[in-house]
Each structure stands twice: as C-alpha cells, then as structure tokens.
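Asker: give the three-dimensional model of this entry:
(chains A and B)
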Amino acid sequence: MTLDQVSNSSKSYIVRQIKKGPLTTKLIDMGLFPGKEIRLLFKAPFGDPIAIDVQGYTLSLRREEAALISIE
Amino acid sequence: MKAALVGNPNAGKTSVFNLLTGLNQKVGNYPGITVDKKWGYFNYQGTDVELLDLPGLYSIYPKSQDEEVVFQVLRQKDHRDHPDLVIVVMDATNLERNLFLATQILDLGIPTLLIANMIDLMDKDQVGVNLEKLSELLGGVPLVAFNARTGQDLALLKSALLEVPLEVASSPHTQEFTNLEDWNAGRQEEAALGEARYKRIRQILSLCQPLTRKRSVRHQKWDQILTHPLWGYLIFLSLLALIFQTIFAWSEVPMNLIDTVFLTLSQWTQATLPNGPLTDLISQGLIPGLGGVMIFIPQIAFLFLFISLLEESGYMSRVVFLMDRGLRKYGLSGKSVVPLVSGTACAIPAVMATRNIENWKERLITILVVPFTTCSARLPVYMILISLVIPDDRFLGINYQGLTLMGLYFLGFLMAILSASILNGFMKTRNKSYFVVEMPNYKLPLLKNVALTVWEKTRSFVTEAGKIILAISVLLWFMASFGPGKNFANAEEIISQ
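Answerer: Take a look at the predicted model:
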C-alpha cells in the first residue's frame, strides 16, 4: 500500500520504495529512504496534507506525494 | 578567515550565527536573485572571522533557489564567497537526517567543524550518541556538542573553530561530486546515492549509539488543537485579528510622538534659519521626508516582532500546513501564507520571503499578488480616508471605522486570491509543484533571535525603502517650489486676457 491510504495513526510502517520520478531524491533527502520506520500523526482538513513522524521529526506532505511512497 | 554556516532548517543555525556575531551582521543580496545574503564578523583571540550564514537546506543537491546558492558557494572554489572552513550545525536529536547533509559537506573536501546542537534535548530524550566515537568514525572530524539556546560553552566552540585544520585529505567519497555539474541529468542515480549514504550513516550511528531508544515526537497535544479542522482556523484568525489590533494600539503613541517631533523640528528650522531655498529644502523637503520614513518604524517593528514570534515558536509551519489545500486551488502554496502575512508590514521583505517556495509558478504568483495585501505604508492613507468618510459611531459596540479598516484588509486579501486564480488560469508550467515540509517542534522563541530579526528588518526598511522615500520627498519639494507655478496653472486665463 502507499502512505496516502493510511488512516490509522497508532501503527508504524516501513518505507519500502519511493516511486521513481522528480521527487524521489527530495523524499529520500528528507529521510524517507527504504527501511525507514514512519507513522501517521495527523491530517489537515479534508485529509490533505498529512503529517507523519519520521522517527524524531515531523514531516508534512501532500497526499499526492504520500502516494509515491510504498509502505508495508 | 572566512567561514560559512550550513545546516538543516530548524537545526539552530541562526541561533549559532547570532551568538557568534551579535550585532555585527550585514544583510545583502546575491547578485541577480532574491536570496538574502547574511554575514557577520567576530574576533576571537586575535583572529578575525568573517562568517557567512548560508540558507538552510537538507541536501547539497539543489532543489530551490536558496539551495542553489549554497551549492554554488561551496562547490565553486573560485566563488567570491567560497569559505576556508564550513561549520555544519546539526540537530543532535535527529542526527541521522542531519548527518546526511553533514557527510555530503565532508565529502566535498572542505575543512569542516561539526556542531551537535540542542545537546540538552538529546540528553533528555536519552538517545545518547557517543560523539567522540562519531567524530572518529567520520574520519576524525572535529565535533562539538553545543546548546545554542543557552549559549553555554561558546568560547569552547570558538576555539574549536580556530583549531580546525585548514588542509583536509580528500575524502574517499569526493568522487561523488566530481561530475556534479550535470547532476540534473542523473536524478535516479542521485536517489541511489542518497539511499547508500543513509545506509552508511545508519551503520555509523549504530556503532556509536549504545542504547537505541525510540524518540518521541514532542508536543503532539498542541498539534491536536492547533491543526484542528475547526479550532485550528479559528485560532489562526483570532491570532491575526489580535496581532493587527495590538499593532495599531501599540503603534499609536510612538507614531504620534515621531510626528510631533518632526513637525516641531521642521517649524523650528523654518523659524530659526535665515529664509531662503536652502532652509526650505531642509524644513520642507528633508525633515518631512525623514519623518515620513521614521513614522512607519513602530508598525513595522511590531509586525516583525509578531511574525518572528510565530516563526520562531514553530507555529507558522502549522499555519502553512492548514492553508495549503485551500491556497493550492489558486496556484499558491501553503508556503505563500508567510509572504502574504508579512505583506501587511511591507511588500519588500514579503517578496524576499517567497524564496523558499520551490515551484517557480507558485513563487511567481505569490510575488505578483503579495502587493495586494495592505502594507503599513498604505495605512495612513486609509486612516485619513476612513476618518473623512465613515462616521465615528458604534454599532453593537463595534466601531464603524475599525470595521471598515478590517474590511479593507479583507478586500486586499480577496483581490490577492482573485488575481492569483486568474494568473493560475493562464500560467503554464512543466514542473509539478510539491509540498514536503518539516514541522519543527514547538519551542519558546529565543529573545535574542527575535530581537535581532526585528532590528535587522526595521533597519533595512529605513535604509533601503527610506532612501527612496526621502529622495522622492525632496524631489516633490523641488517640483512644488520650482515648478511652473501659478503661471502655468492659470495659463488659460493669462492667454485669454
């Protein structure tokens, strides 16, 4: 599944892969590399953007970008 | 010696810069682009250090205009700002991501000093990293633990800075950056390099982090309220209303005072100096011109005080988060909120504040619509018009004049949004916009940082915008005094006689 489908904020997920595209590097730079543990924190109204816990810091991103991140 | 400060946003780079340079700071521009260039000076034990504060970034591979500057300064050995030494400020509570940039800088082969900032929080989180071991594993790079909030051990930091050997053996990874010039072409390769780098960092950290405890994200309760679908917006709106109210309430007395002082001064010069064009120039041109600049100082200072409080506390990034979806429809980004709010003080710094919007279309639209927000220079004009046209009555305790003023602000924002959506309609871009933003932890704003921001912004308003206002004021006086005069205005009558 991809990160934008997550609605449960009590469960942690592992980043599996970042979809190839212009944003791949940006997301990896921000610490979302395969193997990283992440967790949903909260969502803005209408579920977009979302805020996630990237082990130690909070990252906000739009649903579109979250859809690029496969998790397990 | 020339040194440059580099670090992730929110790692405390500005605090370190302020601690080291204090009031010896200068602000300018990199030629041709709207990126602030900030530098300062200090002297320690007889060595003069020129310290350049580079924009915050996450990776040496540039993705925005800000980051491009850092890339060029560090990469091009013949760049006029190329430093002898780089100081990398890292957030000790999040070393993994901070080391990503730090190891890239090390791989560039520039002499480096690493600072593990917020060391107090690292101890509190009990993520205890053995810093000596870390320094050793990174190839013996000097690494200093520091707490920029208290500024304790500043002398240790300074002496560590002077002890950094200015010759470095080229690092084994330097070759990653040898053909960086065509970095844009090899994006996928770059992603693989990034993954490999994180892998290496994890290995290094696992060796110097004996107890691996989960770090918790702080202040989640605050976020539940401040980013709440209803309360979040209400709190932001009330906060804005409160800020504007306070600015007007607090500015009134100093503004009247400044007005009186310059009026008196003008009258005094007129009365004291011998009559003549020079006296007129001073009393009717220069002094009112100066007064016209000075009178805005209270409002601008208060507005920047509030804006920097919002930014320093970490709240602004929540507002950006809340507003993104709404603004996206109009071709703006959540990040446009900061410029739009700063635009109420002055459009110039507001336009400067757009530089961290990565997508050029969103940035351009933001720049183009920011002038629609009511800046403080427009305020006196509104005030005069309102007091002429709108009765000073109350309805249900609400002052009509105050209400009108708020309406005018609202109209400004509305026009900004309207123009944005028009621009959005016909501006095309190939680059897709994105929004990947760190939300810093809430923290108590540091008085020193806030004070320096207010000082710096107000000073640059007086010197930059002030020059132009003064020049035009003198020009207007000249035209009023030596213009065509009555003969021209009455030309028709004179001729028909």
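Asker: quick one: secondary structure of A:Arg39?
Answerer: strand (DSSP: H, G, I helix; E, B strand; the rest coil).
Asker: and it, what does it touch?
Answerer: A:Ser9, A:Lys11, A:Ser12, A:Tyr13, A:Ile52, A:Asp53 (CB atoms under 8 Å, 6 or more residues apart in numbering or on different chains). Heads up, the C-betas are built off the backbone N, CA and C, glycines and all.
Asker: tell me the confidence at it?
Answerer: A:Arg39 is assigned a predicted lDDT (pLDDT) of 91.
Asker: again, but for A:Ser7
Answerer: 88.
Asker: follow-up on the earlier one: which one among the contacts of A:Arg39 gets closest to B:Lys329?
Answerer: Nearest to B:Lys329, judged by CB to CB, of those is A:Ile52 at 23.6 Å.
Asker: neighbouring strands for the strand or helix carrying the closest one, and are they parallel or not?
Answerer: Secondary structure assignment for A:Ile52, by DSSP states H and E: strand A:50-53. Here strand A:50-53 is paired, per DSSP bridges, with strand A:37-43 (antiparallel), strand A:58-61 (antiparallel).
Asker: model confidence over it, on average?
Answerer: Mean predicted confidence for strand A:50-53 is 93.
Asker: need the residues that contact that strand.
Answerer: Outside strand A:50-53, the residues that reach it (CB under 8 Å, 6+ apart) are A:3-4, A:38-44, A:58-63, A:66, B:217, B:223, B:227, B:321, B:439.
Asker: the same query, at a cut-off of 10 Å, please.
Answerer: A:3-4, A:6-7, A:9, A:12-13, A:32, A:37-44, A:58-63, A:65-66, A:69, B:214-217, B:220, B:223, B:227, B:317-318, B:321, B:437, B:439 (CB atoms under 10 Å, 6 or more residues apart in numbering or on different chains).
Asker: are any of those residues buried, and which?
Answerer: For those, a burial check counting by 16 or more other CB atoms under 10 Å in any protein chain shown picks out A:3-4, A:6, A:9, A:13, A:32, A:38-44, A:58-63, A:65-66, A:69, B:215, B:217, B:223, B:227, B:317-318, B:321, B:437, B:439.
Asker: can I get the CA coordinates of the lengthiest helix in chain A in PDB?
Answerer: As assigned by DSSP state H, the longest helix anywhere in chain A is helix A:24-29. Extracted C-alpha coordinates of helix A:24-29, given in PDB (Å, rounded to 0.1, in the frame of the first residue of the first chain):
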ATOM      1  CA  THR A  24      12.400  10.700  -5.400                       C
ATOM      2  CA  THR A  25      15.500  12.500  -4.300                       C
ATOM      3  CA  LYS A  26      13.700  15.100  -2.400                       C
ATOM      4  CA  LEU A  27      11.800  12.500  -0.400                       C
ATOM      5  CA  ILE A  28      15.000  10.400   0.200                       C
ATOM      6  CA  ASP A  29      16.900  13.600   1.300                       C
END
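Asker: next, B:Lys37: secondary structure please.
Answerer: strand.
Asker: which secondary structure state does the residue nearest to it when sequence neighbours are not counted sit in?
Answerer: In this structure, B:Lys37 finds its nearest non-sequential neighbour in B:Gly28, 4.7 Å apart by CB to CB, 6 or more residues apart in numbering or on different chains. Assigned with three-state DSSP, B:Gly28 falls in the strand class.
Asker: how much space between B:Gly28 and chain A?
Answerer: 28 Å (CB to the nearest CB, to the nearest Å).
Asker: same question, B:Asp78
Answerer: Taking CB to the nearest CB, one finds B:Asp78 at 27 Å from chain A.
Asker: so who does that residue touch?
Answerer: Residues counted as contacts of B:Asp78 (CB under 10 Å, 6+ apart): none.
Asker: and it, that one's in a helix?
Answerer: No - going by three-state DSSP, the assignment for B:Asp78 is coil, not a helix.
Asker: measure it to B:Trp231 for me?
Answerer: 54 Å (CB to CB, to the nearest Å).
Asker: follow-up on the earlier one: by contact count, what packs against the longest helix of chain A?
Answerer: strand A:12-18, strand A:58-61, helix A:63-66, helix B:95-108, helix B:187-208, strand B:436-439 (3 or more CB pairs under 10 Å, 6 or more residues apart in numbering or on different chains; DSSP states H and E).
Asker: hey, least reliable of those by pLDDT?
Answerer: helix B:187-208 has the lowest average pLDDT among the helices and strands packed on helix A:24-29, namely a mean of 84.
Asker: fine by me, we can end here.
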